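[1] Quick one: sequence plus predicted model below, questions after.
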Amino acid sequence: MTDAILQQRERGLLILQLNRPDKKNALTRAMYTQLAEALERADADPAISAVVIQGSTECFTAGNDIGDFLEQPPSDLDSPPFHFMNSLLNCRKPVIAAVAGAAVGIGTTLLLHCDLVYVSRDARLRMPFVNLGLCPEFGSSLILPRLLGHAKAAQLLLLGEGFSGEQAAAWGIATEALASGDAAVAKAREIALRFDTLGPGAVQVTKQLMKSVDREQLRQVIEEEGALFTQRLRSPEAIAALSGFMARH
Ligand code: COA
């Protein structure tokens, strides 16, 4: 385990911290694998009652590492980003996200699959998939229009417009918006520790019930999005946009 993912235990809580500050916590293949394996271990460990995923007080994550997308684009649904998202989707324990600063691409998408999401009011969320020649991923093309209506979801997915933590909470993408700095992390940890005092059986059955209604449709959409996303990564549109980002940095 490298220190790009820090793991900390606090009673029954596992805290997974994205820790690649020089690259705004952009997620590499190795980081996805570490996150996936940590979630799988947490799921199987009866001593763990909840998991927190957080970045720093300045940045949650700039999304997938763009260099990785160019050099080793995921080719199938077993590749590291899919492994991580499947572990998140399959985790029976509550997963709580704490977001401050930028949450871009998969950094916003993954929030749609967490159980509770605490954000700084001034957090900056964005899914610039179309802007990068790509398409939505991991169910966002299903979940966001349902949550926000087509017109508002189109603003986020077709135009790739950014939005604040305050808006995320108002729209139901986040649970609560808090002051900037470490308030979101502090709240996420405080709330996550409550699961230590709740019966794990009741918590898990409730989560399962809440997720089971859409499970089959979500699985189909994720598969369709995944196939299109991996194709699009190899398209001239995406290669030009991703190379443009790398050239500017
Ligand atoms: N992949 C790889 N490297 C990334 C990255 C990414 N997704 N996002 C940021 N970085 C790197 C930059 O290349 C830069 O590296 P350098 O210092 O070696 O040049 C460093 O992180 C700092 O980024 P910078 O853009 O200067 O920081 P900022 O504070 O001005 O902006 C962001 C932060 C997150 C808003 C901005 O970096 C950004 O938009 N990143 C791209 C996010 C993206 O499109 N992700 C979606 C992928 S599907």
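    That came through, no problem. Numbering: from 1, shown residues only.
[2] Give me every residue in this protein lying close to the ligand.
    Taking CB under 6 Å from any ligand atom, the part of the chain that reaches the ligand is made up of 23-24, 26, 62-67, 102, 104-105, 128, 132, 249. C-betas here are computed from N, CA, C, even on glycine.
[3] Let's see which of those end up in helices.
    Of the residues of the chain next to the ligand, the ones assigned to helices by DSSP state H are 66-67.
[4] now, which of the residues of the chain next to the ligand lie within strands?
    Among those, the residues falling in strands (DSSP state E) are 102, 104.
[5] Most neighbours among the residues of the chain next to the ligand, which one is it?
    Using other CB atoms under 10 Å as the neighbour criterion, Asn64 leads these with 27 neighbours.
[6] thinking that residue is in contact with Gly105, fair?
    Yes - in this structure, Asn64 is within contact of Gly105 by CB atoms under 8 Å, at 5.8 Å.
[7] Quick one: residues in contact with stretch 135-144.
    Applying CB atoms under 8 Å, 6 or more residues apart in numbering, the contact partners of stretch 135-144 are 85, 89, 106, 109-110, 112-113, 127, 129, 153, 156-157, 214, 217-218, 221-222, 225-226, 228-229, 232.
[8] Need the residue closest to the centroid of the protein.
    By CA atoms, centre = their mean, the chain has its centre lying nearest to Leu110, at 2.1 Å.
[9] roughly how far is the helix or strand hosting Glu216 from the heart of the chain?
    Following DSSP states H and E, the helix or strand that holds Glu216 is helix 215-233. Put simply, helix 215-233 sits 16 Å off its chain's centre (CA atoms, centre = their mean, to the nearest Å).
[10] What mean pLDDT does that helix get?
    Computed over helix 215-233, the mean pLDDT rounds to 97.
[11] residues of that helix that come out buried?
    Residues 218, 221-222, 225-226, 229-230, 232-233 are the ones in helix 215-233 that count as buried (16 or more other CB atoms under 10 Å).
[12] Contacts made by it with the rest, please.
    69, 73-77, 82, 85, 89, 133-143, 238.
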